[in-house]
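Participant: Provide a 3D model corresponding to the input given below.
(one chain, ligands or ions: 1)
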Amino acid sequence: MSKALDGVRILDFTHVQSGPTCTQLLAWFGADVIKVERPGEGDATRAQLRDVPDADSLYFTMLNHNKRSITLDTKDAMGKQVLETLIRQCDVLVENFAPGALDRMGFSWARINELNPRMIVASVKGFGPGPYEDCKVYENVAQCAGGAASTTGFDDGPPMVTGAQIGDSGTGLHLALGIVAALYQRNNTGRGQKVLAPMQDAVLNLCRVKLRDQQRLERTGVMKEYPQYPDGTFGDAVPRAGNASGGGQPGWILKCKNWETDPNDYIYFITQAPVWGAICKVIGKEEWITDPDYATPPARLPRLKQIFAVIEEWTMTKTKFEAMDILNKFDIPCGPILSMKEIAHEPSLRKTGTIVEVDHPTRGKYLTVGNPIKLSDSPTEVTRSPLLGEHTTEVLEQLGYKAEQIEAMRARKVI
Ligand code: COA
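Facilitator: All right, here's what the predicted structure looks like:
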C-alpha cells in the first residue's frame, strides 16, 4: 500500500529527543528519512541510559525507527561536499542543534537555499528570538519556561515538571506539522521555507488553558473550579491546581480499594453536570439531586472538596477497574490511573499498533510506542532503528558516489 509521504526525502540532522520524534513520525508516514550522524559516536543517545552492554539504548531505538543511518563528518571538506549533495537531493532538512551550529558548519539558510531553493529547513530551538535565543535547552528547561512547571503540582509544594515529554516530543510534533504544511505550500509556490518550532512556544501552546486562566484571574480575582476556592487565597498568577480538571467540569483523583498497597489504584473522577443525577444514585446520595446546595454546578463549586470526599468513600470500596465498569454504564466520565506496566500489557494498545514489539539485532526484542496517529490509507509498519552508519554505503551509492570515492572517504574517516 502507498504511504502518505511517499517520495519525500528527509535529511535528518537531528539528535537526542525533540528532532528525532519529528522525523520518526515523518518516517512512519512514509518519508525516506536519512539520519546523518557523526562517525564513531553517532547520536549521543545511542550510549545514554544503556541497559544492554554495547547495544543501542532504548532511548535511541525508541526514537529512531524506520530511518536509515549514515555517518558523515560534516566539518570535513569532503563531508561537506556529501552534505551539499544530500541537500540538493532531499526535500526537507530537519535539525535541532544548538543555536548557530548549522551556520558554523557553513550551512546557513542562505547557503542551503542557494543549493536547493525547494528545500524546507526545519529547526527545533529552545527559544525563539529574544533574550534566551542562544541558549541550549533540554526538556525540563522548556517545561519551566513554557508555563507548565509553575502550573503543575500542589499549591503547598514547589513547581513540578510532568512525566509527559511535552518539551521534546511535544515540540517534535509541532515541527512535524509545520513541515507537512510547508511541503503542501511548496506544491503551489515551488519554494522551500524555514520552519521553526521553539520548545518554549510549543510548551506554552500546550498550556494554553493556563493563559486563559491568567486572564480570568486578572479580571475576577478568583477561579471557582480551582482547589484554592473557597478557603484558600489567590495571588496574581495562576496557581498550581493539583488534580483539578482544566475545563468546566470539575474532576479530581480519588483513592480506590487497594490504594494503600498499590500506588496506582486511583481513579480520575469527573462530576460532569449532565450525569450528576446518576453520580448521586451510584454513590448513594440521591438527596443531592434535589438539594439546592448540590443540585446545580454553581452551587457545587464551593463544596467540591466535600463532594469528592464523599465520592471517594464510594470509590474506596472498589478497585479502579470495578469503579470504571460501574461508572461507564452511566456514562460518567472517569479514567483509571494506569501504570506503565499495565499499559505495556494492555491488549487493545497492542492490537492497534500503539504498543509494538520490535526485534533488534544486538539488543533483542523490546517494546516501543508505535505511531499514535492512525491514517486509514497509510498504515504504519514499525521497523527497527538503524545501527550506526548501517546505510552509509547504500545511501552514498544512491546519491551517485562510486565505490572508489566511498573507499577514499572511509580511509579519511569522513564516513
Ligand atoms: N559532523 C561533524 N560535526 C557535527 C556533526 C557531524 N555529523 N553533527 C553535529 N556536529 C557538531 C555540531 O556542528 C556542533 O558543533 P559546534 O559546537 O562546533 O558548532 C557540535 O556537534 C555539537 O552540537 P550541539 O547541538 O551543540 O550538541 P550538544 O550536545 O552540546 O547540545 C542540545 C545538545 C540538545 C542542548 C543542543 O543541541 C540544543 O540546545 N538543541 C536545540 C534544542 C533542542 O532540541 N533541545 C532538546 C534536545 S532533546
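Participant: quick check: Lys285 touching Glu313?
Facilitator: No. At 9.9 Å, Lys285 does not count as touching Glu313 under the criterion of CB atoms under 8 Å. Just so you know, the C-beta spots here come from the backbone N, C-alpha and C atoms, and that holds for glycine as well.
Participant: of these two, which one has the most company?
Facilitator: Just comparing Lys285 and Glu313: by other CB atoms under 10 Å the higher neighbour count belongs to Lys285, 17 against 13.
Participant: how much space separates that one from the ligand?
Facilitator: 48 Å (CB to the nearest ligand atom, to the nearest Å).
Participant: now the host helix or strand of Ile34: average pLDDT?
Facilitator: Here Ile34 sits within strand 32-37, counting by DSSP states H and E. Mean pLDDT, strand 32-37: 98.
Participant: right, is stretch 65-77 up against the ligand?
Facilitator: Yes. Interface with the ligand: stretch 65-77 contributes Leu72, Asp73, Thr74, Lys75 (CB under 6 Å from any ligand atom).
Participant: just the buried residues of that stretch, please?
Facilitator: His65, Asn66, Lys67, Arg68, Ser69, Ile70, Thr71, Leu72, Asp73, Thr74, Asp76 (16 or more other CB atoms under 10 Å).
Participant: which of those fall in strands?
Facilitator: For these, the ones inside strands are Arg68, Ser69, Ile70, Thr71, with DSSP state E as the criterion.
Participant: just curious, which of the residues you listed is nearest to the ligand?
Facilitator: Thr71 (7.5 Å; CB to the nearest ligand atom).
Participant: list the contacts of that closest one.
Facilitator: Listed by CB atoms under 8 Å, 6 or more residues apart in numbering, the contact set of Thr71 reads Val36, Glu37, Arg38, Pro39, Gly40, Gly42, Leu388, Gly389, Thr392, Ile415.
Participant: check contacts around the fourth one.
Facilitator: Spelled out, it's Pro39. Thr71, Leu72, Asp73, Gly389, Lys413, Val414, Ile415.
Participant: now render those as CSV, adding pLDDT.
Facilitator: Below are those laid out as CSV (pLDDT from 0 to 100):
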residue, pLDDT
Thr71, 98
Leu72, 98
Asp73, 98
Gly389, 98
Lys413, 96
Val414, 97
Ile415, 97
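Participant: all strands of the stretch 251-400 of the chain, in order?
Facilitator: 251-255, 266-270, 334-336, 355-360, 364-369 (DSSP state E, counting those that start in this stretch).
Participant: quick one: which of the ones you listed is nearest the ligand?
Facilitator: With CB to the nearest ligand atom as the yardstick, what comes closest out of those is strand 364-369 (16.4 Å).
Participant: who does the strand holding Ile34 pair up with?
Facilitator: Counting by DSSP bridges, the strands paired with strand 32-37 are strand 9-13 (parallel), strand 68-71 (parallel).
Participant: is the longest one positioned near the ligand?
Facilitator: No. Contact check for strand 9-13 against the ligand, using CB under 6 Å from any ligand atom: none in range, with a minimum separation of 7.0 Å.
Participant: tilt between the following helix or strand past that strand and strand 32-37?
Facilitator: Next in sequence after strand 9-13, counting helices and strands by DSSP H and E, comes helix 18-28. The directions of helix 18-28 and strand 32-37 differ by 150 degrees, with axes from the mean of the first three to the mean of the last three CA atoms, to 10 degrees as the criterion.
Participant: and the contacts of helix 18-28?
Facilitator: By CB under 8 Å, 6+ apart, helix 18-28 touches 5, 8, 10, 12-14, 31, 33, 35, 43, 45, 63-67, 92, 94-96, 122, 124, 167-169, 171-173, 175-176, 179-180, 199, 370-371, 373, 380, 382.
Participant: pull out the buried members of those residues.
Facilitator: By 16+ other CB under 10 Å, the contacts of helix 18-28 give 5, 8, 10, 12-14, 31, 33, 35, 43, 45, 63-67, 92, 94-96, 122, 124, 167-169, 171-173, 175-176, 179-180, 199, 370-371, 380, 382 as buried.
Participant: quick one: residues contacting Ile326.
Facilitator: Val282, Lys318.
Participant: correction: the previous question concerned Arg240.
Facilitator: Ser150, Thr151, Thr152, Gly153, Phe154, Asp155, Gly157, Pro159, Met160.
Participant: least confident pick among the residues you listed?
Facilitator: Lowest pLDDT among those: Asp155, with 93.
Participant: ok, it touching Pro227?
Facilitator: Yes. Using CB under 8 Å, Asp155 is in contact with Pro227, at 6.7 Å.
Participant: so for those two, which sits in the more crowded spot?
Facilitator: Pro227 (20 against 13).
Participant: which residues does that one contact?
Facilitator: Asp155, Ala241, Gly242, Ala244, Leu304, Lys305.
Participant: let's go with 6 Å and repeat that
Facilitator: Gly242, Ala244 (CB atoms under 6 Å, 6 or more residues apart in numbering).
Participant: and for Thr362?
Facilitator: Ala55.
Participant: and the most centrally placed residue in the chain, backbone torsions?
Facilitator: Geometric centre of the chain, nearest residue: Ser169, 3.0 Å, by CA atoms, centre = their mean. Phi and psi for Ser169, reported as degrees, to the nearest 10, are phi -70, psi -30.
Participant: so it versus Ala182, what's the distance?
Facilitator: 20 Å (CB to CB, to the nearest Å).
Participant: check Tyr138 too.
Facilitator: Counting by CB to CB, the gap from Tyr138 to Ala182 is 26 Å.
Participant: can you pick out the residue with more neighbours from those two?
Facilitator: Ala182 (20 against 14).
Participant: mind listing the residues bridging to the closest residue to the more buried one other than its chain neighbours?
Facilitator: Excluding its sequence neighbours, the residue lying closest to Ala182 (CB to CB, 6 or more residues apart in numbering) is Ile120, at 4.5 Å. Legend: beta-bridge partners of Ile120 under DSSP bridges are Val92.
Participant: so who does Ile120 touch?
Facilitator: Contacts of Ile120 (CB under 6 Å, 6+ apart): Val92, Ala182, Gly192.
Participant: ChimeraX command to pick out the buried ones of the contacts of Arg240?
Facilitator: Buried residues within these, by 16+ other CB under 10 Å, are selected in ChimeraX with:
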select :150,151,152,153
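Participant: any chance of the contacts of Arg240 in JSON lines, plus distance to the ligand and secondary structure?
Facilitator: Conversion of the contacts of Arg240 to JSON lines gives the following (distance: CB to the nearest ligand atom, whole Å; DSSP: H, G, I helix; E, B strand; the rest coil):
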{"residue": "Ser150", "distance to the ligand": "20", "secondary structure": "helix"}
{"residue": "Thr151", "distance to the ligand": "21", "secondary structure": "helix"}
{"residue": "Thr152", "distance to the ligand": "19", "secondary structure": "coil"}
{"residue": "Gly153", "distance to the ligand": "23", "secondary structure": "coil"}
{"residue": "Phe154", "distance to the ligand": "28", "secondary structure": "coil"}
{"residue": "Asp155", "distance to the ligand": "30", "secondary structure": "coil"}
{"residue": "Gly157", "distance to the ligand": "26", "secondary structure": "coil"}
{"residue": "Pro159", "distance to the ligand": "20", "secondary structure": "coil"}
{"residue": "Met160", "distance to the ligand": "20", "secondary structure": "coil"}
